[in-house]
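Novice: sequence and predicted structure below; questions after.
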Amino acid sequence: MRRACVSLLISLAVLAASGTMPARAATEPTYYLALGDSGAVGFQHGKGPTDEGYVDVLHAALRADQPELKLVKLGCAGETTTTMIQGGICEYPEGSQLNAALAFLKAHPGRVRYVTLSVGVNNTACLLGGDLACGLRGTAALLTELPSITSRLKEAGGDAPRYASMTYYDPGLASWVKGDQLTALASVPLLDAFNFVQRAAAAVAGFRVADVNETFQTHDFGAKVTLDPYGSIPVNVARICAWTSQCTDNDGHATTEGYRRMAGAFRAVL
């Protein structure tokens, strides 16, 4: 027995010296699952979907300490809560983005480390065009469907991932630099009501909330900053003008800097 052990140790020493030791199994990857609408695919004015969105910036930051972390982007530009559940805009083998996400979570138990979600703003986008009936239908769907989405994700993924959704910023503040300060002021309480639904849906499923609304200082009309070509304007308006394309191109999608700031809000809670 002693001779066999000595022989084994000698053999291992020879293998190590010759560099022919069996390779250790590669570390299994872990995943960051990114879900939602155009924000989740990094959509920018004049560019379309990009790799400069908050999802991409957040993944790069997380991967610095977790090199095995892989990004899975399932987001769909234009997605509402209804189409996320039922499909209809982007194509998924499973029929809808939610079904694809649930399938991925179930197929990778314990290996999905992060799940982020940004969806719901397209439910009420038709209000901007004055379509009140459409806006009311979208709001009603948001109230029931968003909590269902978060709950089903948490049920499929269990306690292993860290889940986070977000509050939204207020493109309506851009009306300030277009000479309509009343509309800018009135937009804030409407956004507050929308973000209340976002927070409630997050609470239902134990999602953390990235407070993008706070990052953009939506409620701060008091502090003034100077921003070309608008001169001295409230800081909340300046954030919308600098971090989205709303003031220049009537497009509420974030710029590269805006997405970077959004990523920071997510990282703070993840």
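Specialist: Here it is on my side, so go on.
Novice: give me every residue that touches the residue lying closest to residue 185 once chain neighbours are set aside.
Specialist: Among residues not flanking residue 185 along the chain, residue 221 sits closest, at 7.5 Å (CB to CB, 6 or more residues apart in numbering). To be clear about C-beta, it is placed using only N, CA and C from the backbone, and glycine gets the same treatment. Taking CB atoms under 8 Å, 6 or more residues apart in numbering, we find residue 221 in contact with 185, 234, 236, 237.
Novice: gap between the closest residue to the second one other than its chain neighbours and residue 243?
Specialist: The shortest distance from residue 234 to any non-neighbouring residue, by CB to CB, 6+ apart, is to residue 221 (4.5 Å). As defined by CB to CB, to the nearest Å, residue 221 lies at a distance of 17 Å from residue 243.
Novice: likewise for residue 101?
Specialist: 28 Å.
Novice: so if I had to pick from these two, which one is more boxed in?
Specialist: Using other CB atoms under 10 Å as the criterion, residue 101 and residue 243 rank with residue 101 on top: 26 against 20.
Novice: name the element the more buried one belongs to?
Specialist: Element membership for residue 101, per DSSP states H and E: helix 97-107.
Novice: so what touches whatever helix or strand comes next after that helix?
Specialist: Using DSSP H and E, the helix or strand that directly follows helix 97-107 along the chain is strand 112-118. Under the criterion CB under 8 Å, 6+ apart, residues 30-37, 39-40, 54-55, 58, 62, 66, 69, 75, 101, 104-105, 149-150, 153, 157, 160-166, 207, 210, 266, 270 lie in contact with strand 112-118.
Novice: let me see the mean pLDDT of strand 112-118.
Specialist: For strand 112-118, the mean pLDDT works out to 98.
Novice: do the same with stretch 259-267
Specialist: In this model, stretch 259-267 carries a mean pLDDT of 98.
Novice: same question for stretch 165-181.
Specialist: The pLDDT scores in stretch 165-181 average 96.
Novice: list the buried residues of stretch 85-97.
Specialist: 85, 87, 89, 90, 96, 97 (16 or more other CB atoms under 10 Å).
Novice: against residue 75, how distant is residue 270?
Specialist: Taken as CB to CB, the span from residue 270 to residue 75 is 17 Å.
Novice: out of these two, which sits in the busier spot?
Specialist: Between residue 270 and residue 75, residue 75 has the larger neighbour count (other CB under 10 Å), namely 25 against 19.
Novice: assign a three-state SS to residue 141, would you?
Specialist: Using DSSP: H, G, I helix; E, B strand; the rest coil, the structure places residue 141 in helix.
Novice: list the contacts for it?
Specialist: If a contact means CB under 8 Å, 6+ apart, then residue 141 has 80, 81, 82, 123 as its contacts.
Novice: of the residues you listed, which belong to helices?
Specialist: 81, 82 (DSSP state H).
Novice: got the contacts of residue 141 as a markdown table, with distance to residue 262 columns?
Specialist: Formatted as a markdown table, the contacts of residue 141 follow (distance: CB to CB, whole Å):
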| residue | distance to residue 262 |
| --- | --- |
| 80 | 20 |
| 81 | 20 |
| 82 | 24 |
| 123 | 19 |
